[in-house]
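J.: Take this sequence and fold it.
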Amino acid sequence: MASDKPKPRVGDLIEIFRTFYRHWAIYVGDGYVVHLFPQSDIMSPMTDKAIVKKELLSVVAGRDKYWVNNKHDGKYPPLPGNKIVQRAEELVGEKMPYSLICRNCEHFVNELRYGVARSDQVTYAFVAAVVTSLVLVVTIGISGFIGIMLGS
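T.: Residues are numbered from 1 along each chain as shown. Below you'll find the predicted structure:
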């Protein structure tokens, strides 16, 4: 992490920039984070179980960039840092249901910090899929209309 970026404080959300997605963790102090880790390949839609791990942030992030991103603090009041850490550490070692759509690592950390499970990655992907579908339907409709008009 660059020195000009804020150092994490207990209870902070940590966004880790992977190649095709963002991984999320919660900072619990002394260089450690708690995060939800799928028990098979993260990109596999067949993954349905995950384990809650406590690991060094440097290990979880590896060579990937990361930053503190408490992006919903303006919308939801965060729980006190010590309460977030307590809740997170009580879950370490637990196996939990996992779903890319409704129970991923971003849902997990937002639930710990705000008491609200949400994933903007899922929301943005859903909106993109809807927009793409609408564009495709309109394009097919226009193509069909032009074909009818030229065929007349």
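J.: What ranges in the chain fall below the confidence cut-off?
T.: 1-5, 40-47, 121-147, 149, 151-152 (pLDDT under 70).
J.: Sticking with the spatially most central residue of it, tell me its helix or strand.
T.: Nearest residue to the geometric centre of the chain (C-alpha atoms, centre = their mean): residue 106, 3.1 Å. Taking DSSP states H and E as the criterion, residue 106 maps to helix 105-114.
J.: Does that helix pack against any helices or strands, and if so which?
T.: Judged by 3 or more C-beta pairs under 8 Å, 6 or more residues apart in numbering; DSSP states H and E, helix 105-114 is in contact with strand 13-17, strand 22-29, strand 32-38, helix 81-91, helix 120-151. For every residue, glycine as well, the C-beta is placed using N, CA and C.
J.: Need the contact partners of the shortest one.
T.: Put plainly, it is strand 13-17. 8, 22-27, 33, 57, 60-61, 64-71, 109-110, 113 (C-beta atoms under 8 Å, 6 or more residues apart in numbering).
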